[in-house]
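J.: got a sequence here, can you model it:
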Amino acid sequence: MPIFPKSNCTACIARGDKNYPNRLNDLYDPPSSLYIDGDLGLLKTPMIAIVGSRKASAEGLKNASAFAQELSRAGLLIVSGLARGIDGAAHQATLNLGPKHFTMAVCGAGLDVIYPKEHLDLARNIQNQGLLVSEYPLGTAPKSSNFPRRNRIIAAFSIGVLVIEAAERSGSLITARLALEMGREVFAVPGSIRQPLSRGCNLLIQQGAKLAQNPEDVLEELVF
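T.: Presented below is the predicted three-dimensional model:
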C-alpha cells in the first residue's frame, strides 16, 4: 500500500475542539477525531461534493471535470472521496485550474496510506492545494466498511452533493441520501434510460433531486 513520505498529518482535531468543523455535528455519529493534512483554513470554505461511479464513462469523466471547474471558479471548494473515476476527475480538474482553486479528499484509510495506489501523486497534489481528511488514525488500512462511513463525512461537509454517474446500487446514492437527511441540496446529472450508470442519477431525480444539466443549475440553488 502506498505510504506518504510525510508521516505526520497537519492536525488531529477532536470533537469539542474550537476548530472542529460545525457541519459535522449535523451527523448522528460525528467523528470523534478528524485527521487533516493541508490548509486548515480551507475548512471554513463553502464546499460542494462531486461524486459518482468508479467505472465512469468518458462522458461522465468529462462532465465531472467541467462541473468541478465551473463550481470551483464560482468560489466553492470541491469535495470528493479520492476514488477512481468521477472522484479523481473532479479532484484533478480543480487542481488543473491553478493555486487559487482548492479540493478536499475525504479518505477511507489513514492519511499516510493512499488508496487507490494510482492516486498517490493526486493525493500529494491535493495535500499541497487543498486538504486530505480522514477520521481514521495514521496507519489504518482501507477496508470496505470504511467507505460508507467516509461518505457520511463528504455529505456533512458539503452544502450540496452533485452525483454525476451512478448505478442503481451505489455508494454515491448513500452520500446523496445522507445529504438529503441533513438538509443539503442534492443534484444529479440525468442520462439515458438504457445506460446502467445513469439509473442511480435518474432515480435520484425521480425522488426529488435537482436535475443538473449545467453548473448554473447547481449554483442557482445554493447560498454561500
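J.: for Asn125, what are its contacts?
T.: Contact partners of Asn125, counting by CB atoms under 8 Å, 6 or more residues apart in numbering, are Leu95. The C-beta positions use only the backbone N, C-alpha and C, and glycine is treated the same way.
J.: per-residue confidence for it?
T.: Looking at Asn125, its pLDDT is 96.
J.: Phe4 now?
T.: 49.
J.: and what of the one 10 residues further on?
T.: Per-residue pLDDT puts Ala14 at 96.
J.: give the closest residue to it in space, chain neighbours not counted.
T.: Excluding its sequence neighbours, the residue lying closest to Ala14 (CB to CB, 6 or more residues apart in numbering) is Ser33, at 5.1 Å.
J.: how about the contacts made by the one you found?
T.: Here Ser33 is in contact with 12-15, 135, 137 (criterion: CB under 8 Å, 6+ apart).
J.: only the buried subset of those residues, as a ChimeraX command please.
T.: Applied in ChimeraX, the following selects the buried portion of these according to 16 or more other CB atoms under 10 Å:
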select :13,135
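J.: for the residue nearest to Ala14, give its distance to Leu173.
T.: Here Ser33 is placed at a distance of 28 Å from Leu173 (CB to CB, to the nearest Å).
J.: look at the residue in the chain sticking out farthest from the centre and tell me its secondary structure.
T.: Residue distances from the centre of the chain (CA atoms, centre = their mean) peak at Arg194, which lies 26.9 Å from the mean C-alpha position. Three-state assignment for Arg194 (DSSP: H, G, I helix; E, B strand; the rest coil): coil.
J.: next one: it from Ala167, what distance?
T.: 13 Å.
J.: same question, Pro99
T.: 35 Å.
J.: comparing those two, which shows the higher neighbour count?
T.: Ala167 (20 against 8; other CB atoms under 10 Å).
J.: how near is that one to Gly85?
T.: As for Ala167, its distance to Gly85 is 11 Å (criterion: CB to CB).
J.: overlap in contacts, the two.
T.: Ser53.
J.: one step back: reformat the contacts of Ser33 as a markdown table; add secondary structure.
T.: Listed next are the contacts of Ser33 as a markdown table, based on three-state DSSP:
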| residue | secondary structure |
| --- | --- |
| Cys12 | strand |
| Ile13 | strand |
| Ala14 | strand |
| Arg15 | coil |
| Glu135 | coil |
| Pro137 | coil |
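J.: what ranges do the helices span in this protein?
T.: Taking DSSP state H as the test, the helices found in the chain are 58-73, 86-96, 120-128, 146-157, 171-181, 196-206, 215-219.
J.: what's the closest of the ones you listed to Lys44?
T.: When these are compared by CB to CB, helix 146-157 sits nearest Lys44, at 11.1 Å.
J.: using CSV, write out every CA atom in the closest one.
T.: Once non-C-alpha atoms are left out, helix 146-157 reads as follows in CSV (Å, rounded to 0.1, in the frame of the first residue of the first chain):
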residue,chain,number,x,y,z
ASN,A,146,-14.7,2.3,5.9
PHE,A,147,-16.0,3.8,2.7
PRO,A,148,-19.8,4.1,3.5
ARG,A,149,-18.6,5.9,6.7
ARG,A,150,-16.4,8.2,4.7
ASN,A,151,-19.4,9.1,2.5
ARG,A,152,-21.3,10.5,5.5
ILE,A,153,-18.4,12.9,6.1
ILE,A,154,-18.4,14.0,2.5
ALA,A,155,-22.2,14.7,2.8
ALA,A,156,-21.9,16.6,6.1
PHE,A,157,-19.1,18.9,4.9
